[in-house]
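A.B. asks: Sharing a model that was predicted from the sequence below.
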Amino acid sequence: MKIFDLVDAEGRVFAFEVPNGLLSRRGLARVVGTIAGVRVRRTPRLFSWSREETFCEFEVDGQSFEAWEPFGDNSRYWIGPKPAQWCTQVALVRAAFEQH
């Protein structure tokens, strides 16, 4: 899977984006579910008439993360910690998407 890294001023990956052409919102939540020790707090609604931008929230080692689709109709999903800043857990989350 193609991954687009987002880096901070120090060059560290603090979040990333993945294309949504072959990965649905529910598929993204399934990938998140494969992360060791993850606690999924919110997944996409099955028949949601309102396309919420933020559709998946989860926790990895106590750090909150979210996945969202800017404007509800972007070609990529944004995945990163909440608040958006570098943390060590980003590498674990990113690795799950690399392996997918």
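C.D. replies: Done, it's in. Numbers count the residues shown, from 1 in each chain.
A.B. asks: how about the helices in this protein?
C.D. replies: Here the chain has its helices, by DSSP state H, at 25-32, 89-99.
A.B. asks: Can you give me the neighbour number for Val7?
C.D. replies: Using other C-beta atoms under 10 Å, Val7 is surrounded by 12 other residues. All C-beta spots, glycine's among them, are computed from the backbone N, C-alpha and C.
A.B. asks: swap in Leu46?
C.D. replies: Counted with other C-beta under 10 Å, the neighbours of Leu46 add up to 6.
A.B. asks: Could you dump the helices of the chain into CSV and include distance to Ala9 and mean neighbour count?
C.D. replies: Shown next, in CSV, are these (distance: least, C-beta to C-beta, whole Å; neighbours: other C-beta atoms under 10 Å):
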stretch, distance to Ala9, mean neighbour count
helix 25-32, 27, 17
helix 89-99, 15, 16
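A.B. asks: Tell me which of those lies nearest to Phe14.
C.D. replies: helix 89-99 (6.3 Å; C-beta to C-beta).
A.B. asks: Quick check: which ranges of the chain have low pLDDT?
C.D. replies: The chain contains residues with pLDDT under 70 at 47-51.
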